[in-house]
Structures are given as C-alpha cells and as structure tokens.
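K.L.:
sequence-free structure coming up:
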Ligand code: GLN
C-alpha cells in the first residue's frame, strides 16, 4: 500500500531520492512467512520505514543529497539500519535532504526540492524535509531523520508530524555521514509519540563502534509514552523559555503555543517562565562550531575515495587538481560557504577569537540548561518561529534561513533530548490556507522518557 502511495503522490512531493520496491517487498514476504511459521517477531516487524539519505545502507545509494556521492554504493549498514533490518522492517527507500544536512528547507539538495504536502509551493523544512514529507503525505508510516541543529524537529513542526532528537549518544552515529560530530544525532520521524518511542527503543542503545555512545540501557520509552497518554500532569513543572518566544515569532505560532500552555495547566502542570540568558548567542556559536567540524569531516571527499571524480579540463592530472575539480563540481554553494567559514574559524590566529569563543558560549548554554532543569522538569517553546515559508523565499538570504533554527539549536549544543509535536494550524503571514505549527519539549540528558 505504501509503495502504491509513493507511485501515486511522490511525483508531486519528491520525498524520495531512491525507492527499492523489490527489496521492501522481499522483506515483507519474509516477515509474513516467519509470522506464519509461528516465529516470535519484533513488534515493528513488517512495518515499512523510510531512511534519510545521510544514513548509509548497504548496497543502496546513499548520497546525503550531494552530487559528490552520486554513484557511491556503501559496502556496509549503519548500526541503526542493521537494527531496522534485524527487526524485519522493510526499507522503502532513501529520503531527500539538504546537501550534507546543511539547511532548513531541503532546497540545498543537489537532487531538487521536496514539496510540503500541506501546500506544494512551500518548503517541508530541513534538512530532513524528505522524511517529514513522506510521513505527512502517508508515503511511509515511520522514518529516520538526523538532527544537528533541528533537522528532525523543524521539519516535524512545519509538516504536522512528530520528530525526536534523542540525547546525544543515545542512538549510534556509526554509519551516519557526519556533518558536525559533536552535534549529530539520529532519531525517529513519526506521526505519534508512541511510534517515536517504539522506534527510538529499536534504534537506540550502546554501540561500541561509536565512541560517544552512552554505555547504559535506554530508559523505558514505550512504557513512558503509554503512561503519558493518560494525560495527568499533576506535579509536573513546565518552564517556558523567555528567550524563545515573542519577537520574531509569527503571531499565530505564538498564539497556538500559548493555547497549549493552557492545555498543560488544565492537565495539572505548573507552568512557569524560565530565563536562559545565553541562548541569545546560541545561533552565532552554532554557526562557528558546525562549519568548523563540517570542514574537517568533509575533507574526505577528495575525488579519490568516494563517488564522483572530475578531472581538470586542461593541464596536468595531479591529485590536488583532481581534488579541486571534483570538489568544485561536486559540492553545492551552501556546502562551499560552510567549508570556507569553518576553515577560516579554525585557522591559526583566528582560532581563539572564533572557535575558542564559540566553545565557551557552548559551556554557558549548558550551564543555562543545568540551572533551568534545577527549577523545572521540562522546558518548552515553539519549535520553529514561523510556519513553512514559500520555496525560494529564503534561498538567497542564508542568515534568514539560519534564523529558523533559533529554538532548536540550544539542545544540540548541550546534547539534551527534544521532541516536536503537532500544535495546531495557523494561517501564514501573507494569508491563505492554514499550516501546521510545532510545540517543542526539552528534557535533561538521558531523560528521553520524560519527553
Ligand atoms: N538547519 C540547520 C543547519 O543548517 C540544522 C541542520 C541539521 O540539523 N542537520 O545547520
């Protein structure tokens, strides 16, 4: 049914870069046979899933939305993909994304735009717009995303789906094509919170192949999601982050958010305001730390080891000239912009002023979170400041694009978990049909069950 749905709507949505119907059906038939034989199967056995193209899948294209990886077929599976396969979940295909997960709209994909199912003229968020759009258009019941600065949560908000960024180290990064290693985290993209809990429990847990993987069992997420569904919040203290609301937040987004606070109060929660004074600097620190780490991680794409190889048009064919020609042709503008920013920030003489200062800000933001979680159980904010903007609207203005991540970035800088849940609809500023908004909840590290 999902493969049929992909055939009928993905021409308009373009959530998928690659669909492997034969492989998905083979897994489904195998699960059917095992079920008939009375085998004890995982609860998600037979449930199809879509995987963001930044996660490597053995024998299937994995481009991370970049021309530089066109034609590269990974010889191994990411740990989370191994777990998905072991559970008997058919992988429908790989989803579209901003190149190397840099962006908030999926417009930086080298393979064309993904369209928001709520309004095809609008962005589905990014960088994981493909996974979110696949869920919102019912092309897949579950998907995998990655979140370095909001790429699971912000697409969730603008497509009316659920997205979870787990605690850093909760889900193995082995087999993720790295963007910024100290910030990257893979997680569930779903339509319900219980689905997220089921998927997180499957893909999470300790992995010796990821040196930052947490070496302890996950909290009982499914049980927590079931209990949470009872809706009793008495005794729960909810902190509204002063710095993540008001100016810059679309009026309707703020209004839906305020209404949800009333719902929390009615369910018994105590809602208080909490200030995180250093969040003001989070975006600036992130846009130094991320490009610095990305410039180092992307150095491996040299025209020799993976995918694309372009020889210089004239002159000698040396290693350096092949590298330059390949990177010139294979990387898009946003990737080049961030590599230049990152190498500059790391260069001798500038390191202390830029990268060093950004790391100090990162510590201050972690301290803001520590102080806040001393007063409240969870922190909340709108997930994104606006509803989905129009395709092309922010493409020529990188700073405007970056500002869309203002509410999601602090969690990545501190390594804490966050979730975005659907929060009702509001009309875009220019009028027209109503669009989804998102409600973000943040919890202390390793308290993913609290979300
Ligand atoms: N939009 C953010 C960026 O461009 C977040 C990216 C992400 O989480 N992968 O960096």
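P.N.:
Arrived safely. Small disclaimer: the values here were computed from a predicted structure and weren't measured.
K.L.:
Can you tell me which residues in this structure are near the ligand?
P.N.:
Residues of the chain found near the ligand (CB under 6 Å from any ligand atom) are 101-104, 126-127, 147-151, 179, 290, 405. Heads up, the C-betas are built off the backbone N, CA and C, glycines and all.
K.L.:
pretty sure residue 30 contacts residue 88?
P.N.:
Yes - the criterion here is CB atoms under 8 Å, and residue 30 meets it with residue 88 at 7.1 Å.
K.L.:
okay, the two: which has more neighbours?
P.N.:
Shown here are residue 30 and residue 88; by other CB atoms under 10 Å, residue 88 has more neighbours (20 against 14).
K.L.:
does residue 430 sit in a helix, a strand or a coil?
P.N.:
Put simply, residue 430 is coil when judged by DSSP: H, G, I helix; E, B strand; the rest coil.
K.L.:
Residue 285 and residue 413 touch, don't they?
P.N.:
Yes - if you go by CB under 8 Å, residue 285 and residue 413 touch, sitting 6.6 Å apart.
K.L.:
any common contacting residues for those two?
P.N.:
Common contact partners of residue 285 and residue 413 (CB atoms under 8 Å, 6 or more residues apart in numbering): 362, 365.
K.L.:
Shouldn't residue 94 be within a strand?
P.N.:
Yes - Residue 94 sits within a strand when classified using three-state DSSP.
K.L.:
What about it, how many residues nearby?
P.N.:
For residue 94, the tally of surrounding residues (other CB under 10 Å) stands at 28.
K.L.:
State the next helix or strand along the chain beyond the helix or strand of the chain with the lowest mean pLDDT.
P.N.:
Within the chain, no helix or strand scores below helix 398-403, which has a mean of 88 by mean pLDDT, DSSP states H and E. Next along the chain after helix 398-403, taking DSSP states H and E as the criterion, comes helix 409-414.
K.L.:
Distance check, the nearest residue to residue 254 once chain neighbours are set aside against residue 260.
P.N.:
Distances taken as CB to CB, 6 or more residues apart in numbering put residue 245 closest to residue 254, at 6.2 Å, once the chain neighbours are dropped. For residue 245, the distance to residue 260 equals 12 Å [CB to CB, to the nearest Å].
K.L.:
next one: residue 112
P.N.:
35 Å.
K.L.:
between those two, which one's more packed in?
P.N.:
Neighbour count, other CB under 10 Å: between residue 112 and residue 260, residue 260 has more, with 17 against 12.
K.L.:
Confirm that one sits in a strand?
P.N.:
No - counting by three-state DSSP, residue 260 is not found in a strand; it is helix.
K.L.:
can you pull the contacts of it?
P.N.:
423, 424, 439.
K.L.:
What of residue 345?
P.N.:
The contact partners of residue 345, by CB under 8 Å, 6+ apart, come to 288, 291, 292, 351, 354, 355, 358.
K.L.:
Now the fourth one. Nearest residue, chain neighbours left out?
P.N.:
This means residue 351. Nearest one to residue 351, counting by CB to CB, 6+ apart, is residue 345 at 7.5 Å.
K.L.:
Now do the helices in the protein.
P.N.:
2-13, 21-36, 79-86, 129-136, 153-159, 193-203, 221-228, 251-266, 282-297, 319-330, 333-346, 357-373, 398-403, 409-414 (DSSP state H).
K.L.:
And the ones you listed, which one averages the lowest pLDDT?
P.N.:
Of all the helices of the chain, mean pLDDT reaches its minimum on helix 398-403 (a mean of 88).
K.L.:
In that one, which of the residues would be classed as buried?
P.N.:
For helix 398-403, the neighbour count (16 or more other CB atoms under 10 Å) marks 401, 402, 403 as buried.
K.L.:
Distance from it to the middle of the chain?
P.N.:
Relative to the mean C-alpha coordinate of its chain, helix 398-403 is positioned 17 Å out (CA atoms, centre = their mean, to the nearest Å).
K.L.:
what does the least confident helix or strand of the chain rub up against?
P.N.:
Helix 398-403 is contacted from outside by 103, 104, 105, 248, 283, 287, 334, 337, 385, 394, 395, using CB under 8 Å, 6+ apart.
K.L.:
from those, which would you call buried?
P.N.:
Burial by neighbour count, 16+ other CB under 10 Å: within the contacts of helix 398-403 this picks out 103, 104, 105, 283, 287, 334, 385, 394, 395.
K.L.:
Domains in the protein, by residue range?
P.N.:
For the chain, automatic domain parsing gives the domain ranges 2-228, 284-353.
K.L.:
Now that we have those domains, can you turn them into a markdown table and tack on distance to residue 254?
P.N.:
Shown next, in a markdown table, are the domains of the chain (distance: least, CB to CB, whole Å):
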| stretch | distance to residue 254 |
| --- | --- |
| domain 2-228 | 13 |
| domain 284-353 | 23 |
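K.L.:
Just say which of those domains is most tucked in.
P.N.:
With neighbours defined as mean count of other CB atoms under 10 Å, the domains of the chain peak in mean count at domain 2-228, which reaches a mean of 23.
K.L.:
Could I get the contacting residues of the residue in the stretch 201-350 of the chain positioned nearest to the ligand?
P.N.:
Nearest to the ligand, among the residues of the stretch 201-350 of the chain, is residue 290, at 5.5 Å (CB to the nearest ligand atom). Residues in contact with residue 290, defined by CB under 8 Å, 6+ apart, are 148, 149, 179, 180, 183, 338, 342.
K.L.:
Distance-wise, check the residue nearest to residue 42 when sequence neighbours are not counted relative to residue 203.
P.N.:
With sequence-adjacent residues excluded and distances taken as CB to CB, 6+ apart, residue 42 is closest to residue 87, at 3.9 Å. With the distance defined as CB to CB, residue 87 ends up 9 Å from residue 203.
K.L.:
Tell me which of the contacts of residue 260 fall in strands.
P.N.:
Using DSSP state E, the members of these that fall within strands are 423, 424, 439.
K.L.:
how about CSV for the helices of the chain, with distance to residue 209 added?
P.N.:
Conversion of the helices of the chain to CSV gives the following (distance: least, CB to CB, whole Å):
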stretch, distance to residue 209
helix 2-13, 30
helix 21-36, 24
helix 79-86, 6
helix 129-136, 23
helix 153-159, 26
helix 193-203, 14
helix 221-228, 22
helix 251-266, 40
helix 282-297, 17
helix 319-330, 27
helix 333-346, 26
helix 357-373, 26
helix 398-403, 32
helix 409-414, 22
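K.L.:
Would you confirm that residue 77 contacts residue 57?
P.N.:
Yes - the pair residue 77 / residue 57 is scored as a contact, 6.2 Å apart, by CB under 8 Å.
K.L.:
In space, what's closest to residue 216 - neighbours in sequence excluded?
P.N.:
Residue 216's closest residue in space is residue 206 (CB to CB, 6+ apart), at 7.1 Å.
K.L.:
Do you know the pLDDT at residue 239?
P.N.:
Note on residue 239: pLDDT of 98.
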